[in-house]
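what follows is a predicted structure for the sequence shown.
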Amino acid sequence: MLVIIGDLFTQSIKYLDYFLGCWRFVSYRQTVNSMITDNR
């Protein structure tokens, strides 16, 4: 039982890391886009 919970925990951490990476990428792109539009 504990092994299954641990496996789910590691899987959720992987998904969380992936989600955070995507979110960082999107927010970074938004910042760059706003900087580009501000410079115009």
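Cool, the structure landed. Residues are numbered from 1 along each chain as shown.

center of this protein - which residue?
Central residue check for the chain by C-alpha atoms, centre = their mean: the C-alpha nearest the mean position is that of residue 20, 1.7 Å away.

mind checking the SS state of it?
Three states are possible here, and by DSSP: H, G, I helix; E, B strand; the rest coil the one that applies to residue 20 is helix.

tell me, what's the model's pLDDT at residue 1?
Predicted confidence (pLDDT) for residue 1: 69.

element containing residue 28, please.
Assessed by DSSP states H and E, residue 28 sits inside helix 2-39.

distance of the residue nearest to the centre of the chain relative to residue 27?
Distance of residue 20 to residue 27, computed by C-beta to C-beta, to the nearest Å: 10 Å. Heads up, the C-betas are built off the backbone N, CA and C, glycines and all.

neighbours of residue 39, how many?
Each residue near residue 39 was counted by other C-beta atoms under 10 Å, and the total is 6.

same question for residue 19.
Residue 19: 10 neighbours (other C-beta under 10 Å).

same question, residue 2
6.

and the one 4 residues further on, by the same measure?
Neighbourhood size, residue 6 [other C-beta under 10 Å]: 10.

what's the spacing between residue 29 and residue 2?
As for residue 29, its distance to residue 2 is 41 Å (criterion: C-beta to C-beta).

typed the wrong thing, it's residue 13
Using C-beta to C-beta, residue 13 is found at 16 Å from residue 2.

on that earlier part again, quickly note the distance from the residue nearest to the centre of the chain to residue 30.
Computed with C-beta to C-beta, the distance linking residue 20 and residue 30 is 16 Å.

same check, this time on residue 15
According to C-beta to C-beta, residue 15 stands 22 Å off from residue 30.

what of residue 9?
The gap separating residue 9 from residue 30 is 31 Å, by C-beta to C-beta.

try residue 23
From residue 23 across to residue 30, the span is 11 Å (C-beta to C-beta).
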